[in-house]
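K.L.:
3D, please:
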Amino acid sequence: MKRLLTGALLLCAIVFSVSARQRANISVSANPAELTVRLAEPASDSTLTLRLRPISEKIIRVTASPDSLLPPDASLAVVRQQSDTPFSITETDSTVTLTTSALSATVTLANGSVTFRDKFGKLIAAEQTAGRTFSPIEVEGTKGYSVAQRFQSLSPDEGLYGLGQHQSDQFNYKGLDEELFQYNTKVSVPFITSTDGYGILWDSYSLCRFGNPQPYSQLGEVFTLTDRFGNEGALTGTYLPAKKGGDSIVRREEKIYFEHLMRGDLNHVVNLPRDFNFNGSEVTYEGSLTAPQSGLYRFILYYSGYMSVEMGGREVVAERWRTGWSPNS
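P.N.:
Prediction:
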């Protein structure tokens, strides 16, 4: 589900119908509160039913489903309005448009994609063709969908701000990735506002990803790793204790992943040496990466304590610090 804001508001939508007309097995129906569109067959993005409900003259709520029945219009984030917002419906052979006094939303009947324009007809935002996907999932016996929605980038100079409070020192999220979940000092709000004058609220309370929907992979799953001795398959990890004379550890590191405690053994961190005193220690991971092909690669490092990163002998991340009870990335 998505929301789009114009001026400074949201875009959303929803529910069922009173009157209906058929067009080549496509059902378009409306009542004073909303517009419902049922496509002839699941589109390439798996959408079968769409619902558009004006929340105000500048806010339209959009609900999409791969099923013929839509869930009830319920939200933990949006306050239900006491009165309906007036709107009109315009139909062509290929589209149906809902228009308020300030905003219009047009559904393309061939694929269910939605575009949004202001009252002067200027394009505000547009979903990508086949940019909405539903992947069936089952969690603890409950069936549902993992949903993805992609929008076109209409301006190369556009800035996208919001998403809540994160610790990655990023403000303009255009072209960047952010994982949305709640954690100590990490407060995720699935809302963005654009310098082009609109906003989008993704009305979901699940784990979400903004940007690339795929989670980051471990280094060895993407690159060929070579340790400092020239052996492929891992990097070299060197663990130097704070106390002089203490035992140091040098070992191969197939993955740099230490993000949680071991299950069944909460005294140790997964993948780290079990009997090493990390208090005041210095740990270095070194070696080389060989990419499978030329291209743009993005890296993420989850850390606490003091940390810096060098590549090719050049510092690319200056030393920074993070407390152990609130790691950063």
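K.L.:
for my notes, confirm G220 occurs in a strand.
P.N.:
No. G220: not assigned to a strand; according to DSSP: H, G, I helix; E, B strand; the rest coil it is helix.
K.L.:
count the neighbours of it for me.
P.N.:
18 (other CB atoms under 10 Å). Any C-beta I mention is one placed from the backbone N, CA and C, and that applies to glycine too.
K.L.:
S68 now?
P.N.:
Number of residues near S68 (other CB under 10 Å) recorded here: 10.
K.L.:
got it, and A77?
P.N.:
Neighbour tally, A77, other CB under 10 Å: 15.
K.L.:
tell me who's in contact with it.
P.N.:
For A77, the contact set (CB atoms under 8 Å, 6 or more residues apart in numbering) comprises 201, 203.
K.L.:
mind checking pLDDT for it?
P.N.:
As predicted, A77 sits at a pLDDT of 83.
K.L.:
and for C12?
P.N.:
C12 carries a pLDDT value of 37.
K.L.:
and for Q214?
P.N.:
Taking Q214 on its own, its pLDDT is 84.
K.L.:
swap in the one 4 residues further on?
P.N.:
Note on Q218: pLDDT of 92.
K.L.:
list the contacts of it.
P.N.:
Residues near Q218 by CB under 8 Å, 6+ apart: 255-257.
K.L.:
L289 against F223, yeah?
P.N.:
Yes. Between L289 and F223 a contact is recorded at 4.1 Å, counting by CB atoms under 8 Å.
K.L.:
from the contacts of Q218, which is closest to G237?
P.N.:
When the contacts of Q218 are compared for distance to G237 (CB to CB), I256 wins out at 8.2 Å.
K.L.:
quick one: the closest one is in a strand?
P.N.:
No. According to three-state DSSP, the state of I256 is coil, so it is not within a strand.
K.L.:
output the contacting helices and strands for whichever strand or helix holds R132.
P.N.:
Element membership for R132 (DSSP states H and E) is strand 123-139. Helices and strands touching strand 123-139, by 3 or more CB pairs under 8 Å, 6 or more residues apart in numbering; DSSP states H and E, are strand 2-6, strand 114-118, strand 142-151, strand 198-201.
K.L.:
I'd like to know the average pLDDT value across the shortest one.
P.N.:
Over the span of strand 198-201, the pLDDT mean works out to 95.
K.L.:
buried deepest among the helices and strands packed on strand 123-139, which one?
P.N.:
A comparison of the helices and strands packed on strand 123-139 by mean neighbour count, using mean count of other CB atoms under 10 Å, puts strand 2-6 on top with a mean of 25.
K.L.:
can you select the buried ones among the contacts of Q218 for me in PyMOL?
P.N.:
Per 16 or more other CB atoms under 10 Å, the buried members of the contacts of Q218 correspond to this PyMOL selection:
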select buried, resi 256
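K.L.:
so how far is S217 from Y297?
P.N.:
When distance is defined by CB to CB, to the nearest Å, Y297 is 10 Å away from S217.
K.L.:
same check, this time on Q167
P.N.:
22 Å.
K.L.:
next: L180.
P.N.:
Computed as CB to CB, the L180 to S217 distance reads 19 Å.
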